[in-house]
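> predicted coordinates and the sequence they were generated for:
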Amino acid sequence: MTKRPFELTVEEIARAVREGRLSAEEAVSSHLERIKSIDANIRAFLLVLEDFALEQARIVDKKRKAGRPLGLLAGVPVAVKDNILVQGFETTAGSRILKGYKAAYDASVVERLKREDAVILGKTNLDEFAMGSSTENSAFFKTANPWNTACVPGGSSGGSAAAVAAAMCPLALGSDTGGSIRQPAAFCGIVGLKPTYGLVSRYGLIAFGSSLDQIGPFTRTVSDSVLALRVIGGRDERDSTSADKSVEEALSGWEAGIEGLRIGVPREFFIKGLDPEVEASVRGSIETLESLGARVEEVSLPHSRYAIATYYIIAPSEASSNLARFDGVRYAFRAPGGQGLEELYERTRGQGFGPEVKRRIMLGTYALSSGYYQAYYGKAQRARTLIKRDFEQAFRKVDLIAGPTAPTAAFRFGEKTEDPMAMYLSDIFTIPSNMAGNASVSIPCGLSKAGLPMGLQLIAPAFGEGTLFRASKALEAARPFPGLAEVA
Ligand code: GLN
């Protein structure tokens, strides 16, 4: 049976459009219909750009008819997490405080997608300002996991992950500060890449923790992830943290196979609290890698046990500073009533921010306050250096580190909302890689007995995306990914 356009991968759509076997308009319409028929149950999208998407698609089709060469993502519908700016459209970051704010320019990643003839399909739901692990902190509504709609899709990029898993688009962008691409990818059974810090421009990303934030792609296949990174990655003058590295350098050798690759399994990633089914599937994948020719050995990341504590000083500190700009003067929401500037700030921020964001701002402001700065932020920075050093040591012996992405498969709505600490622990295995700024990916490694996806995390040294994909590709070929979630 021939596949319907919404079932195709990024590569398949782009090739078919370039070769004239599928029009961009057909590709986009098929995804728009899919959204119409299922998104009422999933609620991945905050905004669907129906008219704009069709208009972009027709431009691509015209270009082809005129004989002009088409880009790498010709006609590919892409969803964008709603903390990334798409010019002319509302960008809320999942917060009431930005409701009604229209982006004045395109983020660099969006500009690059458009340049390669991709079609921006819509904006996806997220935890408010990307703070959360379940998308339950969105100010607007919750997104469901396509594999089981009683469960969360993960977070904070839950809308993007759910959209790709449910075939509402073959590619979506997310952001990852402490795990927000990898953990939802694991929960939704897809590929989620957190590129090396500096490899993908953050110009036009609403900043959360600036020393940690990275933008990256969600896809259903490994080579789609490679293709997406090719398009969005590389030096950007407009982001002062952008590295002077080309994507091709980072990707080098990605098709080399895994013969001889040395894989380290960190002792500290197999601890109490790790779900036995997740452990079994992760260990199974590592055995598969070994049987395919990789050499596996144990490594140690002793300071990773401080990662959560360190992160919850550094990320809130940076957030408290980044979020100071939302004050009722410059952007969108302004609380009515009140007298004087101070009251305007208080009322706007009091009404505009949700409880988790307020908790982070208070934590961060406290940690940065004079007299406490060295004791908290300074100390956290020193712990961060030790975490980073652990990776450097491990990477002297191995090329790649493998372990679980998250301690469990997707949990149920409400299961962790009353207990912030339990929610924070979802990121115990993903945060270390943000601390170190290296490259990491989550790929599917099986379904639990309950039918929920589980994720394997691979971590490579900075700019080692090629190594991540070497192993990912081999595993994908050996143990096919679960594919599309069946959505009623
Ligand atoms: N869940 C983590 C947090 O709440 C990470 C979020 C993210 O990566 N944006 O901060």
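Good, I have the coordinates. Numbers count the residues shown, from 1 in each chain.

> and the stretch 1-150 of the chain, which of its residues are near the ligand?
130-133 (C-beta under 6 Å from any ligand atom). Just so you know, the C-beta spots here come from the backbone N, C-alpha and C atoms, and that holds for glycine as well.

> would TSV of these with pLDDT, neighbour count and secondary structure be doable?
Output for these, formatted as TSV (pLDDT from 0 to 100; neighbours: other C-beta atoms under 10 Å; DSSP: H, G, I helix; E, B strand; the rest coil):
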residue	pLDDT	neighbour count	secondary structure
130	98	30	helix
131	98	28	coil
132	97	28	coil
133	97	28	coil
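
> helix, strand or coil for residue 260?
coil (DSSP: H, G, I helix; E, B strand; the rest coil).

> nearest residue to it in space, ignoring adjacent ones along the chain?
residue 293 (6.5 Å; C-beta to C-beta, 6 or more residues apart in numbering).

> residues contacting that neighbour?
257-261 (C-beta atoms under 8 Å, 6 or more residues apart in numbering).

> so who does the residue nearest the centre of the chain touch?
Nearest to the geometric centre of the chain sits residue 181, at 2.3 Å (C-alpha atoms, centre = their mean). Neighbour list for residue 181: 157, 174-175, 192-194, 214, 216, 218, 442 [criterion: C-beta under 8 Å, 6+ apart].

> may I ask which of the contacts of residue 293 has the most neighbours?
Using other C-beta atoms under 10 Å as the neighbour criterion, residue 258 leads the contacts of residue 293 with 23 neighbours.

> tell me, please, the helix or strand in the protein that averages the lowest pLDDT.
helix 420-424 (a mean of 89; mean pLDDT, DSSP states H and E).

> other residues contacting it?
Contacting residues not belonging to helix 420-424 are listed as 132-134, 308, 312, 356, 359, 416-417 [C-beta under 8 Å, 6+ apart].

> who in the stretch 351-488 of the chain is up against the ligand?
residue 427.

> point me to the residue of the stretch 351-488 of the chain nearest the ligand.
Residue of the stretch 351-488 of the chain nearest the ligand, by C-beta to the nearest ligand atom: residue 427 (4.8 Å).

> settle this for me: that residue is touching residue 183, isn't it.
Yes. Between residue 427 and residue 183 a contact is recorded at 6.5 Å, counting by C-beta atoms under 8 Å.

> quickly list what's touching both of these two.
133, 406.

> which of the two has more neighbours?
Using other C-beta under 10 Å as the criterion, residue 427 and residue 183 rank with residue 183 on top: 32 against 26.

> my guess is the more buried one contacts residue 153, does it?
No. Between residue 183 and residue 153 there is no contact under C-beta under 8 Å: 9.7 Å.

> and residue 26, what is it in contact with?
Residue 26 touches residue 5, counting by C-beta under 8 Å, 6+ apart.

> in three-state terms, label it for me.
Residue 26 - assigned by three-state DSSP - is helix.

> what segments of the stretch 201-350 of the chain are helices?
222-232, 247-251, 276-291, 307-322, 340-352 (DSSP state H, counting those that start in this stretch).

> rounded mean pLDDT for the shortest one, please.
In other words, helix 247-251. Averaged across helix 247-251, pLDDT comes to 97.

> who are the packing partners of it?
If you count contacts as 3 or more C-beta pairs under 8 Å, 6 or more residues apart in numbering; DSSP states H and E, helix 247-251 packs onto helix 222-232, helix 465-478.

> tell me which residues of it come out buried.
The neighbour-count check on helix 247-251 (16 or more other C-beta atoms under 10 Å) flags 247, 250-251 as buried.

> now the contacts of helix 420-424: which count as buried?
When the contacts of helix 420-424 are checked for burial by 16+ other C-beta under 10 Å, the buried set is 132-134, 308, 312, 356, 416-417.

> thinking again about what came up before, pipe the contacts of residue 293 into CSV and attach pLDDT per row.
Output for the contacts of residue 293, formatted as CSV (pLDDT from 0 to 100):
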residue, pLDDT
257, 89
258, 93
259, 92
260, 91
261, 97
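
> just put those residues in a markdown table and tack on distance to the ligand.
A markdown table is the format used below for the contacts of residue 293 (distance: C-beta to the nearest ligand atom, whole Å):
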| residue | distance to the ligand |
| --- | --- |
| 257 | 32 |
| 258 | 28 |
| 259 | 34 |
| 260 | 33 |
| 261 | 28 |
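
> and of the buried residues of helix 247-251, the nearest to residue 97?
Ranked by distance to residue 97 (C-beta to C-beta), the buried residues of helix 247-251 are led by residue 247 at 34.5 Å.

> which strand residues bridge the spatially closest residue to that closest one that is not a sequence neighbour?
Spatial nearest neighbour of residue 247, chain neighbours left out: residue 233 (3.8 Å); criterion: C-beta to C-beta, 6+ apart. For residue 233, the beta-bridge partners under DSSP bridges are residue 200.

> quick one on the thing from earlier: for the residue nearest to the centre of the chain, give me phi and psi.
Main-chain dihedrals, residue 181, degrees, to the nearest 10: phi -100, psi -50.
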